[in-house]
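Participant: Need a 3D model of the following:
(4 chains)
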Number of protein chains: 2
Amino acid sequence: MNSSRPGGRSARVKAAVHQALLDELVEKPYGRIGIESVAARAGVHKTSVYRRWATLETLFAEVAEELAVREVPVPDTGSLVGDLRTVMRSSVRLFKDPYGAAISRVLVAESDHSPALAEMSQRHWERGVANLRPVFARARARGELGPEPTDERLVEALWAPLYLRRLVNRKPLTYAYVDTVIADVLG
Amino acid sequence: MNSSRPGGRSARVKAAVHQALLDELVEKPYGRIGIESVAARAGVHKTSVYRRWATLETLFAEVAEELAVREVPVPDTGSLVGDLRTVMRSSVRLFKDPYGAAISRVLVAESDHSPALAEMSQRHWERGVANLRPVFARARARGELGPEPTDERLVEALWAPLYLRRLVNRKPLTYAYVDTVIADVLG
DNA sequence: CCTAGACGCAACGACCTGTTGCGTTAAGGA
DNA sequence: TCCTTAACGCAACAGGTCGTTGCGTCTAGG
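Facilitator: Now for the predicted structure:
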């Protein structure tokens, strides 16, 4: 927090507004959300929101960034499938969480027309790939994995079906499905 | 067309409105498109649009359906990779087409709050799977493919990376990438 | 306790929304 | 060719939303 007066009240307003936007995102499409509706839900006057966040996109970016920063810890279970199962299952949980689902949806929806959100999408993806590199490195060192499919390809092959089922397909996203995907990719 | 007077003028208006919505979709996010802006772009009075399409969603559904109906012909090149290459390349072209890209984006964005569009998304996917069944059936008959990965899993493993790169990743979608995906999935 | 940064409030003009009544145009059948 | 009427154009409307402004109030932080 770099503002000159980050204390009590400001912090409360910020938290209330963030939470209000998240709740709005769950129940309306992004295009029907306005600064006013967020302010009303947060129990805050609209001018307070207008003054701190120039546009709704600014506010959304802040909220999305804050939620994305909670990095998924990279596990070390001893085997590649074990590591992948752990990380992918937490991805599934994030997709099923209403807030996480809403944010990923909006990022997809708005990236074509918002350079800022497009860049955020890409950064988030790259961060995920970077987090997984050690997992693959360990697996290659153990001989569980050859050098053939690159890290990037592996991550895409593993995570793409999750995004597909969540965004396109709308089929159930289960742990069993995760196991099937892992088996197919590594088989 | 089941209306009582489908002739010249009505057809022209409908075509103009459809095209106008497509162009709007390319340059604005869905939420900033209104019946009025579509009507203005189509060179048609807004009441004409309001009377024929109750809501923007109705109009969008009609346009999307019309574009989706243009089925991708199922090829028979003699080999599985040949068939898949052909179909997936045409998918890539559709993703790169501004109109196709916009429609897929909106379907993802609005499906969470619009049962009609959600159902359309699913139907479109199922149609794609159904179209590919003969391809896999021929491949299995030729012994190019075992019974192990089901048709559904194959389609997901093949197409998911395309959707991922288009919607999430925003990485380049090339024919070379398609070949890599096919090789990884069938290898 | 005092100062100043943040918030609440009321009001505003501008814009966008969807509807209605009525006049005009042009399909499509006779 | 003419006639009927479905479909469109037009103007006006009430209602709502948008973002801004000036000013008074509160409260965090020194």
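
Participant: what's in contact with stretch A:28-46?
Facilitator: Residues outside stretch A:28-46 that contact it (CB atoms under 8 Å, 6 or more residues apart in numbering or on different chains) are A:13, A:16-17, A:19-21, A:23-25, A:48-50, A:53, A:56, A:59-60, A:106, A:109-110, B:29-32, B:109-110, B:112-114. For glycine as for every other residue, the C-beta is placed from the backbone atoms N, C-alpha and C.

Participant: near DNA strand D, anything from stretch A:94-112?
Facilitator: No - against DNA strand D, stretch A:94-112 shows no contacts by CB under 7 Å from any atom of the strand, the least distance being 14.8 Å.

Participant: What distance do you get for residue A:130 to DNA strand C?
Facilitator: Distance of residue A:130 to DNA strand C, computed by CB to the nearest atom of the strand, to the nearest Å: 34 Å.

Participant: okay, now residue A:30: neighbour count?
Facilitator: For residue A:30, the count of nearby residues is 22 (other CB atoms under 10 Å in any protein chain shown).

Participant: try residue A:95
Facilitator: Using other CB under 10 Å: residue A:95 sits among 16 other residues.

Participant: Ok, residue A:141 next?
Facilitator: Residue A:141: 9 neighbours (other CB under 10 Å).

Participant: any idea how far it is from DNA strand C?
Facilitator: 51 Å.

Participant: Same check on residue A:128?
Facilitator: Computed as CB to the nearest atom of the strand, the residue A:128 to DNA strand C distance reads 33 Å.

Participant: Isn't that residue up against residue A:156?
Facilitator: No - if you go by CB atoms under 8 Å, residue A:128 and residue A:156 don't touch, sitting 10.6 Å apart.

Participant: Which one's more surrounded, these two?
Facilitator: residue A:156 (27 against 16).

Participant: Report the contact partners of that one.
Facilitator: Counted by CB under 8 Å, 6+ apart, residue A:156 has contacts B:161, B:164, B:165, B:169.

Participant: mind putting these in TSV, neighbour count, distance to DNA strand C and pLDDT included?
Facilitator: Formatted as TSV, these follow (neighbours: other CB atoms under 10 Å in any protein chain shown; distance: CB to the nearest atom of the strand, whole Å; pLDDT from 0 to 100):
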residue	neighbour count	distance to DNA strand C	pLDDT
B:161	28	37	98
B:164	25	32	98
B:165	20	32	98
B:169	22	32	95
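
Participant: touching chain B at all, the strand or helix carrying residue A:123?
Facilitator: Element membership of residue A:123, judged by DSSP states H and E, is helix A:115-142. Yes - using CB under 8 Å from any CB of the partner chain, helix A:115-142 reaches chain B at A:118, A:121, A:122, A:125.

Participant: farthest pair in those residues?
Facilitator: A:118 and A:125 (11.1 Å; CB to CB).

Participant: So if I had to pick from the two, which one is more boxed in?
Facilitator: Set side by side, residue A:118 and residue A:125 show more neighbours around residue A:125, with 19 against 15, by other CB under 10 Å.

Participant: Quick check, that one in contact with residue A:163.
Facilitator: No - taking contacts as CB under 8 Å, residue A:125 lies outside contact range of residue A:163: 10.2 Å.

Participant: Identify the contacts common to those two.
Facilitator: In contact with both residue A:125 and residue A:163: residue B:168, using CB under 8 Å, 6+ apart.

Participant: so what's the spatially most central residue of chain A scoring on pLDDT?
Facilitator: Taking CA atoms, centre = their mean, the centroid of chain A lies closest to residue A:68, which sits 5.1 Å from it. We have a pLDDT of 83 for residue A:68.

Participant: got the contact list for it?
Facilitator: Contacts for residue A:68 (CB under 8 Å, 6+ apart) come out as A:103, A:120, A:124, A:127.

Participant: Kindly report the same for residue A:186.
Facilitator: Residue A:186 neighbours (CB under 8 Å, 6+ apart): A:80, A:81, A:145.

Participant: What is the nearest of the contacts of residue A:156 to residue A:175?
Facilitator: residue B:164 (20.6 Å).

Participant: picking that back up, return the members of the contacts of residue A:186 classed as buried.
Facilitator: A:80, A:145 (16 or more other CB atoms under 10 Å in any protein chain shown).
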